[in-house]
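Undergrad: below is the sequence, then the predicted model.
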Amino acid sequence: MARVLALLGSGVVPAHTPVLRADDLGALRGDGVFETMHVRAGEPFQLDEHLERMARSAALLALALPPRAALVELTAQACAAWPTDTEGALRLVCTRGPEDGGPVTVYATLAPIPPAHRVARRDGIAVITAALGVPAEVRAGAPWLLGGAKTLSYAVNMASLRWVAGQGGDDVLWVSTDGYALEAPTATLVWLTDGVLCTVPAQTTGILAGTTAAYLLAHADELGMRAEERMVRPAELHTAEGVWLASSVRGLAEVRSLDGVALGPLPETTRMQKLLGYA
């Protein structure tokens with residue numbers, strides 16, 4: 001299925017339309033922010049939450065976003081050109097614009113869900129831990145590290161995923177130098193222990209606050225669970241009742257092995273995916 005491309009101020013244009021100048025700071029330096037949303041029944045899931053996070057990211061970069069209403073209209077234009085019976089991945093991007101100054105560059109793309117994501121939802125994933133190289137709480141006090149910002153600077157994230165593929169795994173779980181599990185390159189860690197559904201606190205660790213994980217924990221009572229933010233070490237996850245990675249497009253993927261230790265499968269996964277709208 002063809003991609004949809006929509007430009008701020010122009011609406012939907014042919015997918016091959018040039019968008020960035022050669023000196024756009026988004027391309028040159030990764031200087032910009034983005035959000036990726038799951039589109040279902042022609043609508044982006046958790047649009048408000050994603051736009052709020054985008055605004056927080058932009059504030060950390062001192063980047064002036066267009067008015068919220070303009071971003072809402074842009075996403076609506078892209079979704080209007082997408083079949084309502086097909087789930088999709090909507091990416092909303094804002095770069096700082098040309099190097100010599102000028103307006104920000106803003107556009108949205110809508111693309112099919114990669115087949116690998118559907119397989120991960122169904123079969124689970126093999127995860128391997130990797131060092132992030134910073135203590136768990138250092139980014140909260142170092143705003144220049146942009147902890148919690150979803151920026152275009154994803155080279156480390158993608159390098160991590162290429163590395164884990166070479167090790168025979170599906171995803172990475174980053175670990176701090178003081179031994180705490182943090183997050184995955186494109187997903188949020190969620191685990192169940194003693195009936196409590198947990199995730200890592202974003203405010204103190206500088207991880208990206210996951211919208212899908214937040215929704216899941218906010219509705220944990222519908223699953224007969226309690227919700228809590230807490231720190232965890234990888235060894236503790238080996239004995240948890242369940243471990244998942246949550247993200248907007250892949251949805252909820254059950255961790256079936258962590259550093260070679262087998263986990264699951266779990267009946268809770270189907271219930272959780274259904275609650276989130278991915279099943």
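TA: Ah, there it is.
Undergrad: quick one, what contacts the residue lying farthest from the centre of the chain?
TA: Within the chain, the residue lying farthest from the chain centre (Cα atoms, centre = their mean) is residue 100, at 31.0 Å. Listed by Cβ atoms under 8 Å, 6 or more residues apart in numbering, the contact set of residue 100 reads residue 23. Every residue, glycine included, has its C-beta placed from N, CA and C.
Undergrad: on the three-state scheme, it is what?
TA: Under the three-state scheme (DSSP: H, G, I helix; E, B strand; the rest coil), residue 100 adopts coil.
Undergrad: what's the separation between it and residue 239?
TA: 56 Å (Cβ to Cβ, to the nearest Å).
Undergrad: need the contact list for residue 27.
TA: 20, 95.
Undergrad: isn't there a strand covering it?
TA: No: per three-state DSSP, residue 27 lies outside any strand segment and is helix.
Undergrad: that one and residue 97: what is the separation?
TA: Following Cβ to Cβ, the distance that separates residue 27 from residue 97 is 11 Å.
Undergrad: kindly report the same for residue 262.
TA: Taken as Cβ to Cβ, the span from residue 262 to residue 97 is 49 Å.
Undergrad: doesn't residue 248 make contact with residue 113?
TA: No: Residue 113 sits out of contact with residue 248 when judged by Cβ atoms under 8 Å, with a separation of 10.8 Å.
Undergrad: shared neighbours of these two, which are they?
TA: residue 89.
Undergrad: more neighbours: which of those two?
TA: Legend: neighbour count by other Cβ atoms under 10 Å for residue 113 and residue 248, higher for residue 248 (26 against 18).
Undergrad: give me every residue that touches the more buried one.
TA: Taking Cβ under 8 Å, 6+ apart, one finds 36, 37, 38, 45, 46, 50, 89, 211, 212 in contact with residue 248.
Undergrad: nearest to residue 194, of those residues?
TA: residue 212 (22.7 Å; Cβ to Cβ).
Undergrad: skip ahead from the host helix or strand of the closest one and say which helix or strand is next.
TA: Per DSSP states H and E: residue 212 is located in helix 211-218. Following helix 211-218 in sequence order, the next helix or strand is strand 226-229 (DSSP H and E).
Undergrad: understood, closing this out.
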